[in-house]
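Participant: All I have is the shape, not the residue letters:
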């Protein structure tokens, strides 16, 4: 998986990078949010981990990420925080939260969650001329429903 980490703390960046590169992931670290937005325009990432500090709210940073994503498929967004709850992470437009200080098990679990969502998303996006198989909704239509649910979750902080 290609992962972008946006965090000003070098210790956090080193820990995440060493853990994920050992597992075979490609990790790009960018401490500056504006520079990270430029990287998002130039390259597609599967997962974006972001610590919005020093901002008190993550929503402006998450909106900036969403506006600058270069691919059609949105990346899995993971909020890095010392105090945020999973509900606050969802309300800010991310998929989940990674609480600092974090353990290797936490990182593994969150990245595995991202991989599962990306796998199903990619499966649904493949247009293989599959018909509905006698059902009411075909694969392409179901993919549109899936993408709409993901978009609605981002805009309104709903579970999808």
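Facilitator: Great, that's in hand. Treat the numbers as computed from the prediction; the structure is a model and nothing was measured.
Participant: When you work out contacts or count neighbours from here on, use the C-alpha atoms and nothing else.
Facilitator: Fine.
Participant: And the residue nearest to residue 58 when sequence neighbours are not counted, how close does it get to residue 143?
Facilitator: Spatial nearest neighbour of residue 58, chain neighbours left out: residue 52 (5.2 Å); criterion: CA to CA, 6 or more residues apart in numbering. Look at residue 52 and residue 143: by CA to CA, to the nearest Å, they are 31 Å apart.
Participant: May I ask you to name the longest helix in this protein?
Facilitator: helix 104-125 (DSSP state H).
Participant: tell me the angle of the very next helix or strand once past it relative to helix 104-125?
Facilitator: With elements assigned by DSSP states H and E, the helix or strand that comes after helix 104-125 is helix 139-156. Calculated by axes from the mean of the first three to the mean of the last three CA atoms, to 10 degrees, helix 139-156 forms an angle of 130 degrees with helix 104-125.
Participant: For this protein, give me the ranges with low pLDDT.
Facilitator: 127-137, 154, 157-160 (pLDDT under 70).
Participant: go with 80
Facilitator: 70-73, 126-140, 142-143, 147, 150-160 (pLDDT under 80).
Participant: could you say what helices and strands the longest helix of the chain packs with?
Facilitator: In terms of contacts (3 or more CA pairs under 8 Å, 6 or more residues apart in numbering; DSSP states H and E), helix 104-125 is packed against strand 76-81, strand 96-99, helix 139-156.
Participant: what's the following helix or strand after the first one?
Facilitator: Next in sequence after strand 76-81, counting helices and strands by DSSP H and E, comes helix 86-92.
Participant: So what's the gap between that following helix and the chain middle?
Facilitator: 13 Å (CA atoms, centre = their mean, to the nearest Å).
Participant: List of residues touching the strand or helix carrying residue 13?
Facilitator: Using DSSP H and E, residue 13 sits within helix 10-22. The contact list for helix 10-22, computed with CA atoms under 8 Å, 6 or more residues apart in numbering, reads 5, 7, 26-27, 29, 104, 107.
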